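> below are the sequence and a predicted model; questions follow.
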Amino acid sequence: MSSHASESCPEGSFPAVELQDVHLSDSGSAGSPGSGSDRNPINDSRHDGAVGSQENHKYHVDEALTHIGFGRYQWFMLFYTGIAWAGDAMEMMLLSFLGPFVKCEWGLSPSQESLLTTFVFLGMLFGVNFFGYVSDTCGRKIGFFATAVFSSIMGFGSALAPTFAALVFFRAMVGIGLGGVPVALTLFMEFVPSANRGKWLVVIESFWTVGTFFEAGIAWLVLPTLGWRWLLGISAVPQVLLVLLYPLLPESPYWLASKGRQLAAEKVLAKVARINKASLPSGSLEVSCAAPTTTSNENARKTEKQRGACAFFKPICNMLKSCGALYTKELRTTTLLLHFIWAACSIGYYGLVILTTE
């Protein structure tokens with residue numbers, strides 16, 4: 001039968017059975033090892049899906065910090081921001097030593113002596129809102145730097161004050177700068193994994209105790225020999241140290257992510273992971289909003305110019321608006337309770353500290 005089929009086929013053609021054999025052999029050779037065509041399409045789709053899911057995975061800053069863990073970078077941030085907290089304690093503790101010495105030198109009345117403390121706290125009331133707004137608008141790093149520079153300059157100005165009125169003014173300015181010191185605590189907490197923040201918040205508070213003891217020791221050594229001006233100058237040194245170490249200070253990845261600056265936030269997190277000898281989660285960082293474009297920035301500038309003088313009051317309005325958010329229906333009870341707790345603690349603590357030398 002095969003001979004009949006071969007006879008009936010014209011020259012140059014092949015029987016159907018032989019063509020089927022050829023196709024089967026070709027498919028078999030195509031699936032031979034080393035040919036690259038023996039891959040299972042189901043496995044390929046699963047593998048591609050797994051790779052794609054890793055590439056499309058989004059992680060938050062908190063997830064990245066938890067994945068990295070607490071390490072050498074957080075220890076550096078602890079001591080850096082702890083210096084600011086210790087310096088704040090030194091500036092507040094010296095009030096208990098400054099009043100009696102100034103009173104004796106310039107013959108002040110008790111009411112005049114109390115102005116030194118009063119204007120410091122009035123300055124803090126303004127500074128805590130102003131520098132809080134700066135750190136939210138311009139960044140934690142800028143807010144922290146502005147606080148350190150302003151406090152150090154006004155601290156040395158206090159040491160050089162020629163009159164009592166000038167001394168009160170400079171101490172009020174120091175109070176404004178000290179109002180921004182809590183930015184240091186915020187900056188440190190935004191580098192700590194969320195599971196450990198309660199513990200490390202207590203640890204950084206210990207720097208306040210260190211600063212208090214240090215100031216008492218300096219006063220014991222300096223006041224009897226060099227006088228109160230040297231005490232004021234030495235108490236401003238920690239703020240100068242913060243300014244000198246400023247180039248080492250990073251920006252908060254939380255703040256960068258909240259402003260839509262994904263690449264900058266990922267760069268900071270990558271540096272933290274490298275120093276801690278860890279790695280970032282797979283995928284890309286998810287930010288809170290898109291980064292502003294050049295067009296949107298230009299439109300914002302044009303809008304500000306059109307507003308004219310009204311734009312001058314915009315920071316004040318934003319500051320008041322941010323404070324007003326604490327008294328909304330959802331937060332009003334918590335805010336008032338915190339006010340009462342802090343007021344009670346401050347009256348007890350500062351009342352005892354300031355009256356210690358009396």
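Received it, and whenever you're ready, just let me know what you need. Bear in mind the structure is a predicted one, so any value in this text is a computation, not a measurement. Residues are numbered from 1 along each chain as shown.
> surely residue 272 meets residue 191?
Yes - counting by Cβ atoms under 8 Å, residue 272 does reach residue 191; the two are 7.0 Å apart. Backbone N, C-alpha and C define where each C-beta goes, glycine included.
> any shared contact partners between those two?
By Cβ atoms under 8 Å, 6 or more residues apart in numbering, residue 272 and residue 191 have these common neighbours: 65, 73, 250, 253.
> give the contact list for the last one.
Right, the one you point to is residue 253. By Cβ under 8 Å, 6+ apart, the residues touching residue 253 are 61, 64, 65, 190, 191, 265, 268, 269, 272.
> which helix runs longest in this structure?
helix 110-138 (DSSP state H).
> what lies in contact with the next helix or strand after that one?
Later in the chain than helix 110-138, the nearest helix or strand by DSSP states H and E is helix 140-159. Residues from elsewhere that reach helix 140-159, judged by Cβ under 8 Å, 6+ apart: 84, 87, 91, 127, 131-132, 134-136, 167, 170-171, 173-174, 176-178, 180-181, 183-184, 186-187, 190, 229-230, 232-233, 235-236, 239-240, 242-243, 246, 249-252, 255.
> just the C-alphas of helix 140-159, formatted as PDB.
What follows is helix 140-159 as a C-alpha-only set of coordinates in PDB (Å, rounded to 0.1, in the frame of the first residue of the first chain):
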ATOM      1  CA  ARG A 140      12.500  68.000  60.900                       C
ATOM      2  CA  LYS A 141      16.100  68.600  59.900                       C
ATOM      3  CA  ILE A 142      15.600  72.300  59.200                       C
ATOM      4  CA  GLY A 143      13.500  72.800  62.300                       C
ATOM      5  CA  PHE A 144      16.000  71.100  64.500                       C
ATOM      6  CA  PHE A 145      18.900  73.200  63.000                       C
ATOM      7  CA  ALA A 146      17.000  76.400  63.400                       C
ATOM      8  CA  THR A 147      16.300  75.600  67.100                       C
ATOM      9  CA  ALA A 148      20.000  74.800  67.800                       C
ATOM     10  CA  VAL A 149      21.300  77.900  66.100                       C
ATOM     11  CA  PHE A 150      18.800  80.300  67.600                       C
ATOM     12  CA  SER A 151      19.200  78.900  71.100                       C
ATOM     13  CA  SER A 152      23.000  79.000  71.000                       C
ATOM     14  CA  ILE A 153      23.200  82.600  69.800                       C
ATOM     15  CA  MET A 154      20.700  83.800  72.300                       C
ATOM     16  CA  GLY A 155      22.400  81.800  75.100                       C
ATOM     17  CA  PHE A 156      25.700  83.600  74.400                       C
ATOM     18  CA  GLY A 157      23.900  86.900  74.100                       C
ATOM     19  CA  SER A 158      22.500  86.300  77.700                       C
ATOM     20  CA  ALA A 159      26.100  85.900  78.900                       C
END
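> next one: the helix or strand just after that helix to chain centre, how far?
For helix 140-159, the following helix or strand on the C-terminal side (DSSP H and E) is helix 164-178. Distance of helix 164-178 from the chain centroid (Cα atoms, centre = their mean, to the nearest Å) equals 28 Å.
> list the helices and strands helix 164-178 packs on?
Judged by 3 or more Cβ pairs under 8 Å, 6 or more residues apart in numbering; DSSP states H and E, helix 164-178 is in contact with helix 72-93, helix 95-106, helix 110-138, helix 140-159.
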